[in-house]
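[1] How does the following fold in three dimensions:
(one chain, ligands or ions: 1)
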Amino acid sequence: LTAPGGRSSIRRVLALPVADDRPIALAGLTRAALKELAEARLPRGAGLHRKVQRQVFEEGRFEPESLGASEVVTTAWRRAFSLELPATGVVINETDATGDTAKATLRLADGAEVEMVLLPMGRDRRTLCISSQVGCKMGCTFCETGRMGLIRHLRADEIVSQLLVARFQLGWDFRNLVFMGMGEALDNFEQVIRALHVITDASGLSMAQERITVCTVGNVEGINRLAEQRFKRLNLSVSLNAANDALRSELMPVNRRTPLAELQQALIAYRPRRNFALGVNYCLLPGLNDQREHARQIAEFCAPLERVMVNLIPFNPGTAPITRAPTEEEAERFVEWLREEGLPVRRRVTKGRSVMAACGQLGNVELRSQLRKSSAPRPAGPSRSE
Ligand code: SF4
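    As a prediction, the model looks like this:
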């Protein structure tokens, strides 16, 4: 083994973290963070950080041996950093006139599973829907994930890894990204923000903020904290689903803690840019929230919010549905009522229902009971986030 500077240098090069010597997960690092860590941990090997970062985010691999450095340096890099992408489990596809919908199950290092979905959005555009938590504690009654409860938060690198698996292992081509898979993104605030920094890092995945949407159930503290971040072009959408407190509290337990007036105030205050339009997601539940009166209540809720775009999502029954899917006529009628109220509306075409990849259908209730039986998964895998 040779290294510039002789044996003492070799010792320095190999002098890796003492307190916690698990490798640091590269998928959770911006280029600036990687440079800083590489300089701190690998005084003679830091020069590789650009090449390593390009390998990770442009090719989805980490093979320092192929980067022309000495064996000592590459060994040091391998001891200090790692790229452990989740294993892809089941991948299911559904094809219809609008394109291909695909759902993939990803198994994390500790055995926990999350799901991500590729959705066609017309004109060859695809959106990747990713998870921020394993399960979710919000307990929305219409949602399959809500039935799992929260198993654990995802680390930033595990969130970013979903994009790497989608792009480099599954060959999924996507233009937009939504945090609308498993979990309430703002309930895992720190890790989601870290992931956003990596995803938007100009020298990494370099996704434009305007192509990313964070979706929240109405986590007011999270919305307020997000307003303090420098994501001026990021999109935000809120799952409304009912615009009167009695019904919303019944459908979404979060409303018992944070009633609509409080949520509305937080949304009024959330104006990251002048032309910001809030996404208002409304899952249409026949017999529960699909009356003329409900359309009027949505308009009242949205009135002080300046610009909004209502996304109407027909309910997708899961394994224990609270109602049926709306008919085409019911969905169209509700869209008309919203338009009569002066609201801009986009009707989400139902995609992926047959493969349980549609909104509200992600979740693996069986996994939860399995994990309970075999003790809960560790919150961090073999590598760690820095
Ligand atoms: S809808 Fe979203 S916030 Fe509600 S339980 Fe499902 S994953 Fe959680």
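
[2] where's the closest residue to Val114 other than its chain neighbours relative to Pro86, distance?
    Nearest residue to Val114, sequence neighbours excluded (Cβ to Cβ, 6 or more residues apart in numbering): Ser131, at 4.0 Å. For the C-beta atoms, the positions are set from N, CA and C on the backbone; glycine is no exception. As judged by Cβ to Cβ, to the nearest Å, Ser131 and Pro86 stand 11 Å apart.

[3] what number of residues lie near the residue nearest to Val114?
    Around Ser131 there are 27 other residues, counting by other Cβ atoms under 10 Å.

[4] would you list every one of the helices in the stretch 251-386 of the chain?
    All helices of the stretch 251-386 of the chain, identified by DSSP state H, counting those that start in this stretch, fall at 254-257, 260-269, 292-302, 328-340, 365-373.

[5] now the longest one against helix 292-302, angle please.
    Right, helix 328-340. Orientation note: helix 328-340 sits at an angle of 40 degrees relative to helix 292-302 (axes from the mean of the first three to the mean of the last three Cα atoms, to 10 degrees).

[6] Could you dump the helices of the stretch 251-386 of the chain into JSON lines and include distance to the ligand, mean neighbour count and mean pLDDT?
    Shown next, in JSON lines, are those (distance: least, Cβ to the nearest ligand atom, whole Å; neighbours: other Cβ atoms under 10 Å; pLDDT from 0 to 100):
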{"stretch": "helix 254-257", "distance to the ligand": "7", "mean neighbour count": "17", "mean pLDDT": "97"}
{"stretch": "helix 260-269", "distance to the ligand": "13", "mean neighbour count": "16", "mean pLDDT": "97"}
{"stretch": "helix 292-302", "distance to the ligand": "18", "mean neighbour count": "19", "mean pLDDT": "98"}
{"stretch": "helix 328-340", "distance to the ligand": "19", "mean neighbour count": "16", "mean pLDDT": "97"}
{"stretch": "helix 365-373", "distance to the ligand": "12", "mean neighbour count": "14", "mean pLDDT": "47"}
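
[7] show me where the protein has strands.
    Taking DSSP state E as the test, the strands found in the chain are 24-25, 81-82, 87-96, 99-107, 113-120, 126-129, 133-135, 150-153, 176-179, 212-216, 235-239, 278-284, 308-314, 345-347.

[8] same for the fifth one, what does it pack against?
    Read that as strand 113-120. With contacts taken as 3 or more Cβ pairs under 8 Å, 6 or more residues apart in numbering; DSSP states H and E, strand 113-120 sits against strand 99-107, strand 126-129, strand 133-135, helix 156-164.

[9] ok, now the first one?
    When contacts are defined as 3+ Cβ pairs under 8 Å, 6+ apart, strand 24-25 sits against strand 81-82.

[10] The helices of the stretch 251-386 of the chain into CSV, with extra columns for distance to Asn281?
    Listed next are these as CSV, based on distance: least, Cβ to Cβ, whole Å:
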stretch, distance to Asn281
helix 254-257, 14
helix 260-269, 13
helix 292-302, 11
helix 328-340, 13
helix 365-373, 23
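
[11] Go through those and name the closest to Ser70.
    helix 365-373 (43.2 Å; Cβ to Cβ).

[12] Which residues does the residue nearest the centre of the chain form beta bridges with?
    By Cα atoms, centre = their mean, the chain has its centre lying nearest to Phe179, at 3.3 Å. Beta-bridge partners recorded for Phe179 (DSSP bridges): Val214.

[13] That one is in contact with Asn219, isn't it?
    No: checked against Cβ atoms under 8 Å, the pair Phe179 and Asn219 is beyond contact range at 12.0 Å.

[14] before we move on, back to that, give me every residue that touches the residue nearest to Val114.
    Residues counted as contacts of Ser131 (Cβ atoms under 8 Å, 6 or more residues apart in numbering) are 114-116, 154, 159, 162, 181-183, 362.

[15] so which of those also contact the ligand?
    Among the contacts of Ser131, the residues lying close to the ligand (Cβ under 6 Å from any ligand atom) are 182-183.

[16] What residues does this protein have near the ligand?
    Contact residues (Cβ under 6 Å from any ligand atom) of the chain with the ligand: 136, 138-140, 143, 145-146, 182-184, 217, 239.

[17] Out of those, flag the one nearest to Pro317.
    Cys143 (11.4 Å).

[18] ok, Gln297 to Leu343 distance?
    From Gln297 across to Leu343, the span is 11 Å (Cβ to Cβ).

[19] what do you get for Glu336?
    Taking Cβ to Cβ as the measure, Glu336 and Leu343 are separated by 11 Å.

[20] picking that back up, ok, so of the residues of the chain next to the ligand, who is nearest Leu251?
    Closest approach to Leu251 among these (Cβ to Cβ): Cys140, at 6.6 Å.

[21] related to what we said a few turns ago, please convert the helices and strands packed on strand 113-120 to JSON lines, extending it with mean pLDDT.
    Listed next are the helices and strands packed on strand 113-120 as JSON lines, based on pLDDT from 0 to 100:
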{"stretch": "strand 99-107", "mean pLDDT": "89"}
{"stretch": "strand 126-129", "mean pLDDT": "95"}
{"stretch": "strand 133-135", "mean pLDDT": "96"}
{"stretch": "helix 156-164", "mean pLDDT": "98"}
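
[22] Quick check: which ranges of this protein have low pLDDT?
    For the chain, residues meeting the criterion pLDDT under 70 lie at 1-20, 44-46, 97-98, 123, 349-386.

[23] Apply 80 and report the result again.
    1-21, 43-46, 94-100, 121-124, 348-386 (pLDDT under 80).

[24] quick revisit: what about the residue nearest to Val114, distance to Ala269?
    Between Ser131 and Ala269 the distance is 28 Å, computed by Cβ to Cβ.

[25] same question, Asn311
    Counting by Cβ to Cβ, the gap from Asn311 to Ala269 is 22 Å.

[26] what do you get for Met116?
    Using Cβ to Cβ, which is the criterion applied here, Met116 is 31 Å from Ala269.
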